[in-house]
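J.: sequence unknown, structure follows:
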Ligand SMILES: Cc1nc(C(=O)O)sc1CCOP(=O)(O)O
Ligand SMILES: C=C1C=NC(C(F)(F)F)=NC1=N
């Protein structure tokens, strides 16, 4: 049977391994149970099998796959694939070169290739559409299945970078599966975060070995994976992610409701932040009727995350050890409580870029907030930004809107770009994800974006932790809201509140000292008064 290549369903790709079978299970029984529960393509991968045994297994498994009308791919052994007329072969970087493989198996067989680096995509592009039909991108997470791995885990962001390389080289004929350490507890995040920056491509499937082959019940394991793939929704926060791109732009109406909820629910806002911000941020949080805790103790992050109405603010200006920050991100993601990420000084030094990229790859954030420099760098604009300054260091508004949307989409988050104008874009897509299917019809919609303009407040730049404390404000509103509220609207309300308090404070301050005191006072007062009186102008784009 010859499969029509561009109709192959890569969505749930089982790669076999007979060395991890549980007691009483056989290669045949595990594959059969998996096929009965949604596996869409099978690869026979038996690194240590003798050829005779391998061929016997291949013939058995081939009959099984034919019963379910599922393609059978042979790993590495081109001779065995030819001998049994398998549907295709999969080779790694150190196996037989692709042009030779293609010459041996002919044009109609499926040829798969392991890819771990963007430069391997360059080679793929040079060969053109007649060689590789799909690539296995990995490893995503650490795995014990692959012996002496030469690659380190790339995370969902690493997969996205490979997808970007495919798009940048116009390799639209090649399908993709992610592989390496994939299990039900991390697959939704992989599916949600693995997208090319232009939104035109996600992965075509996920590939597992041990999740099914080592399972006591391979059928249940396959079913769980199938359901996650078909579910199409990643509930990373227990607020109401909204798919609609039309928002109720009368933000001041629901801002009043939000502030009442914060006052009532008194959220616990855990700050992992820099030393300068700690004191001021705690006072800002208290002014907002919320309860700050500046804890950096790894052993207590789980307890804090489980406190009702908890929220986490990660401000990477801090010197907190990476493992503590990662543990906190994991703890809040696990209980689906909101996390605000503030990549302080993102473009300043390589150290900070590496630190922030590591943290951005380690979880899912409800909001990513930065100043123009940080947002432009996160969007990958900073290099191209030379000479497009509108005037004295202020960037062109359209560039900032585009960069904010890029960050929102790339990190699947509500992105905030602060400056004279504040830009807020919603890249969460309502928590939805979908596999690519080769049709490439998914084009990045213009994400919802608003501009909060309240005039320039020069004094904001003259006090410490003014930007960081917007993070405290956003975390307070996200933490205090009821679960039927929407993160984007909550973040917009927080920016309006903070911006207006800043404007009011600057009107009556003699200098930066009184300004920082007045900022707390005005926040305190605005928080307890009707937003209809003080809400600044908002422009919906
Ligand atoms: C076969 C294979 N290739 C990888 C790559 O990175 O190319 S990782 C891997 C093993 C994946 O096994 P598990 O699903 O048990 O983690
Ligand atoms: C090393 C491998 C990497 N990826 C894949 C697949 F997921 F199938 F593409 N199979 C392999 N054997």
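T.: Structure's in. What do you need? Everything quoted here is computed from the prediction, not taken from an experiment. Ligands and ions are numbered 1, 2, ... in the order given.

J.: contacts and neighbour counts: CA atoms only from here.
T.: OK.

J.: So which residues on this protein come close to ligand 2?
T.: Residues of the chain lying near ligand 2 by C-alpha under 6 Å from any ligand atom: 75, 92, 114, 135, 136, 177, 179, 207.

J.: Which one of those residues is nearest to residue 154?
T.: In terms of C-alpha to C-alpha, no member of the residues of the chain next to ligand 2 lies closer to residue 154 than residue 179, at 10.5 Å.

J.: Format the residues of the chain next to ligand 2 as CSV; extra columns: pLDDT.
T.: Conversion of those to CSV gives the following (pLDDT from 0 to 100):
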residue, pLDDT
75, 97
92, 96
114, 98
135, 98
136, 98
177, 98
179, 98
207, 98
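
J.: By neighbours, which of those residues wins?
T.: Of all these, residue 207 has the most neighbours under the rule other C-alpha atoms under 10 Å, reaching 26 neighbours.

J.: longest helix of the protein?
T.: helix 487-507 (DSSP state H).

J.: same question for that one, mean pLDDT?
T.: The pLDDT scores in helix 487-507 average 95.

J.: And the contacts of that helix?
T.: Helix 487-507 is contacted from outside by 239-241, 251-252, 255, 258, 366-367, 414, 422, 424-426, 450, 452, 454-455, 457, 459-460, 470, 473-474, 477-478, 481, 515, 518-523, 526-527, 534-536, using C-alpha atoms under 8 Å, 6 or more residues apart in numbering.

J.: For residue 327, which non-adjacent residue is closest in space?
T.: Leaving aside its sequence neighbours, residue 327 sits nearest to residue 298 (C-alpha to C-alpha, 6 or more residues apart in numbering; 6.6 Å).

J.: just checking, the one you found touches residue 321?
T.: No: at 9.5 Å, residue 298 does not count as touching residue 321 under the criterion of C-alpha atoms under 8 Å.

J.: Which residue of these two possesses the greater neighbour count?
T.: Shown here are residue 298 and residue 321; by other C-alpha under 10 Å, residue 298 has more neighbours (14 against 10).

J.: how much space between residue 357 and ligand 2?
T.: Using C-alpha to the nearest ligand atom, to the nearest Å, residue 357 is found at 25 Å from ligand 2.

J.: Report pLDDT for residue 437.
T.: 82.

J.: Now do the contacts for it.
T.: Counting by C-alpha under 8 Å, 6+ apart, residue 437 touches residue 204.

J.: at 10 Å instead, please
T.: Residues in contact with residue 437, defined by C-alpha atoms under 10 Å, 6 or more residues apart in numbering, are 6-11, 175-176, 201-205.

J.: among those, who's most crowded?
T.: For the contacts of residue 437, the largest number of neighbours (other C-alpha under 10 Å) sits with residue 176, at 31 neighbours.

J.: I'd guessed that residue sits against residue 206; true?
T.: Yes: shown here, residue 176 and residue 206 form a contact pair, counting by C-alpha atoms under 10 Å, at 8.5 Å.

J.: Return every residue with contacts to both of those two.
T.: Shared contacts of residue 176 and residue 206, defined by C-alpha under 10 Å, 6+ apart, are found at 10, 11, 136, 137, 435.

J.: And the helices in the stretch 401-541 of the chain, which stretches?
T.: Taking DSSP state H, counting those that start in this stretch, the helices of the stretch 401-541 of the chain run over residues 466-480, 487-507, 512-527, 531-534.

J.: ok, now the stretch 251-400 of the chain?
T.: 251-265, 275-287, 301-305, 322-334, 350-360, 372-378, 397-410.

J.: Quick one: closest of those helices to ligand 1.
T.: Taking C-alpha to the nearest ligand atom, helix 350-360 is the member of the helices of the stretch 251-400 of the chain nearest to ligand 1, at 19.0 Å.

J.: outside of the closest one, which residues touch it?
T.: Contacts of helix 350-360 (C-alpha under 10 Å, 6+ apart): 155, 157, 314-317, 322-323, 325-326, 329, 341-347, 349, 362, 368, 374, 377-378, 411.

J.: out of those, which touch ligand 1?
T.: Checking those against ligand 1 by C-alpha under 6 Å from any ligand atom, not one of them is in range.

J.: any idea where the strands of the stretch 51-200 of the chain begin and end?
T.: Under the criterion DSSP state E, counting those that start in this stretch, the stretch 51-200 of the chain contains strands at 72-75, 88-91, 110-115, 134-138, 175-179.

J.: how does this structure divide up, domain by domain?
T.: Residue ranges of the domains in the chain are recorded as 5-231, 251-433+442-540, according to automatic domain parsing.

J.: looking at those, which has the lowest confidence?
T.: Mean pLDDT is lowest for domain 251-433+442-540 among these, at a mean of 91.
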